[in-house]
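J.: Got a predicted structure here, sequence first:
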Amino acid sequence: MIRVLVLVTLLLGSLLAAPEFRYTGLRCNTIQSSGPGARKIDLVIVGDGYSGSDLNRGGAFEKDARGMLSMLWQVSPFGDYKDRFNVHLIPVESHTSRRVQNQSPDLFAFGSTVVSRDVVRLERRSEVLTAARNAPDMDIVVTLTTLSGRATGGKLQDGRRTLPAPILTRDRFGALAHELGHSMADLGDEYDSDSKLADREDSTMPSGDFRQANLTRDGYIDPKNRETVRATAKWGHFLDLPDSYPLVSAYQGGYYRSVGVWRASFRCVMRSSQGSSFCPVCHEEMVKAILALCQEPFDHDAYHRRFPLKKWK
């Protein structure tokens, strides 16, 4: 009887034990190759919640990844610099079904779980970097989870390098450009949000002005008219360009607040993640970030010849 109980206990223990996942020795499916990694941006996509046939070439993981990329290339400047990107898919098998929302994070290779306000987090985020190393190189690492919820930004530390590492959900593919605005170009959120503000009390406001190029505080800008904006805003140099005003000016609202914070333009991907373009100020910062990763210099005059402000009209 004792032997039977021991065997039953061992069997139950093996069934209830957390599943094991494989993060190394995985195949890499390169779906876009633009050139040597040293002069290109290697975008690595790993999946969480995909299993079995989902991970075959042409399966659900690849289809979702391609759908996400298709939306990214529609956003300027990513589409304009598409030829600077290599894209690699790393299939990591989970033990769950992508069609079921409420499943244990233990079944997801990276521990996808929904926390407060529908935000998706990863309980095993450090393993994302391990999986991404199956690619020939990496500059950006995107985790594409089968859960529904809000996309989030974030970064991963790879030795001395800090890599942009957003988390995208199956129903928020269009948010990738917005999240890369945060993690690649250090752009701030420009929208109002009572729920976000609840997490960021006034103590989180900087003692001086924002470090982000697209946000500024009361006291650091005079929004009275074109000339006062030109003289006081951190983006004032745009007012020297043709077709600048009122496209680039001072619009109140940003950093989850409706007052007290100013942004450069009325519309921008950093204000609405489903937008088709960054505003001129954020667009320039994104191009600088893309070229820096490609080890290419930023030429101010050449940039503005290619992207005159009338393109935003």
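T.: Received the coordinates, thanks.

J.: hmm, who's touching the helix or strand where Val87 lies?
T.: Secondary-structure assignment from DSSP states H and E places Val87 in strand 85-90. Around strand 85-90, the neighbours that count as contacts under CB atoms under 8 Å, 6 or more residues apart in numbering are 26, 28-35, 37, 40-47, 61-62, 65, 69, 131-132, 134-138. Placement of C-beta: from N, CA and C, glycine included.

J.: swap in stretch 21-36?
T.: With contact meaning CB under 8 Å, 6+ apart, stretch 21-36 is reached by 40, 57, 62, 65-66, 69, 82-95, 109, 127, 130-131, 133-136.

J.: In the stretch 51-200 of the chain, mark out all the strands, start to finish.
T.: Assigned by DSSP state E, counting those that start in this stretch, the strands in the stretch 51-200 of the chain fall at 85-90, 112-114, 120-122, 140-145, 155-158, 161-164, 167-169.

J.: Make a markdown table from those strands and add mean neighbour count, mean pLDDT and distance to Gly208 to it.
T.: Listed next are the strands of the stretch 51-200 of the chain as a markdown table, based on neighbours: other CB atoms under 10 Å; pLDDT from 0 to 100; distance: least, CB to CB, whole Å:
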| stretch | mean neighbour count | mean pLDDT | distance to Gly208 |
| --- | --- | --- | --- |
| strand 85-90 | 23 | 98 | 36 |
| strand 112-114 | 21 | 89 | 36 |
| strand 120-122 | 21 | 91 | 31 |
| strand 140-145 | 26 | 96 | 30 |
| strand 155-158 | 15 | 93 | 23 |
| strand 161-164 | 16 | 94 | 23 |
| strand 167-169 | 25 | 93 | 31 |
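
J.: Looking at these, spot the one closest to Phe307.
T.: Nearest to Phe307 among the strands of the stretch 51-200 of the chain is strand 85-90 (18.5 Å), distances taken as CB to CB.

J.: Give the pairing partners of the closest one; include direction for each.
T.: strand 29-32 (antiparallel), strand 41-48 (parallel) (DSSP bridges).

J.: Touching, Thr162 and Lys155? I think so.
T.: Yes: Thr162 is within contact range of Lys155, at 5.1 Å (criterion: CB atoms under 8 Å).

J.: so where's the chain uncertain?
T.: Along the chain, segments meeting pLDDT under 70 span 1-18, 98-102, 194-204, 273-275.

J.: again, only using 50
T.: Applying pLDDT under 50 to the chain flags residues 4-16, 198-200.

J.: which residues touch the residue nearest the centre of it?
T.: The centroid of the chain falls nearest to Glu179 when counting by CA atoms, centre = their mean (2.9 Å). Neighbouring residues of Glu179 by CB under 8 Å, 6+ apart: Ala151, Thr152, Gly153, Pro166, Leu168, Ser273.
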